[in-house]
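J.: all I have is the shape, not the residue letters:
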Ligand SMILES: O=C(O)CCC(=O)C(=O)O
Ligand SMILES: [Fe+2]
């Protein structure tokens with residue numbers, strides 16, 4: 001999975017007009033988290049589709065999602081703002097862009113908003129790997145000749161701050177903009193001290 005994430009980072013480098021191995025020195029000891037999820041079947045008498053995982057963006061770099069059992073449910077928001085099904089295709093993974101990549105690419109890549117909607121009475125399994133650069137990597141605009149749109153952050157600090165937000169009140173968890181504002185304020189406060 002780490003090798004695959006390296007390949008994805010190589011493709012991002014090329015897409016941003018950088019040398020193919022540009023991210024390599026910052027991803028030698030990547031922070032990787034794995035999540036194995038069993039979504040219990042929503043009750044049969046549920047009248048509408050059940051949101052098993054609310055709308056969010058992943059906070060790290062590259063996310064690799066395996067929809068092991070072929071049961072759909074993962075939906076991603078496209079550039080028109082519509083949710084589309086990430087239909088499970090045998091032998092493939094879904095790649096989501098996380099918040100750190102959005103910042104690093106100066107917004108040229110957008111963190112993918114997504115959610116999991118399930119049918120009543122149907123359970124589901126998924127395996128997810130979250131990959132991010134080395135803890136001490138400074139994440140700042142990597143695109144030549146562009147004015148930075150984001151404050152620079154240290155990858156590991158960003159992860160810890162986002163975890164605080166995630167496990168805080170649920171309304172913060174679902175509000176991506178609010179999360180980013182909180183994070184900006186946090187880092188502004190640190191750089192002011
Ligand atoms: O279950 C899935 O397909 C995705 C879950 C997810 O988005 C997450 O764990 O961040
Ligand atoms: Fe996610």
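T.: Thanks, I have the structure now. Because the structure is a prediction, the values reported are computed rather than measured. Residues are numbered from 1 along each chain as shown. Ligands and ions are numbered 1, 2, ... in the order given.

J.: what strand or helix carries the residue lying farthest from the centre of the chain?
T.: In the chain, residue 45 marks the outermost C-alpha relative to the chain mean, sitting 32.4 Å out by C-alpha atoms, centre = their mean. Element membership of residue 45, judged by DSSP states H and E, is empty: it is in no helix or strand.

J.: that one reaches residue 121, doesn't it?
T.: No: counting by C-beta atoms under 8 Å, residue 45 does not reach residue 121; the two are 9.1 Å apart. Yep, even glycine has a C-beta here, placed from its N, CA and C like the rest.

J.: please report how far the residue farthest from the centre of the chain lies from residue 73.
T.: 19 Å (C-beta to C-beta, to the nearest Å).

J.: give me phi/psi at residue 72?
T.: Phi and psi for residue 72, reported as degrees, to the nearest 10, are phi -70, psi -170.

J.: how many neighbours does it have?
T.: 17 (other C-beta atoms under 10 Å).

J.: secondary structure element holding residue 130?
T.: Using DSSP H and E, residue 130 falls in strand 124-132.

J.: and if you look at residue 4?
T.: Going by DSSP H and E, residue 4 is part of helix 2-15.

J.: check the offset of that helix from the chain's centre.
T.: The chain centre lies 15 Å from the centre of helix 2-15; the measure is C-alpha atoms, centre = their mean, to the nearest Å.

J.: again, but for stretch 100-107
T.: Using C-alpha atoms, centre = their mean, the offset of stretch 100-107 from its chain centre is 11 Å.
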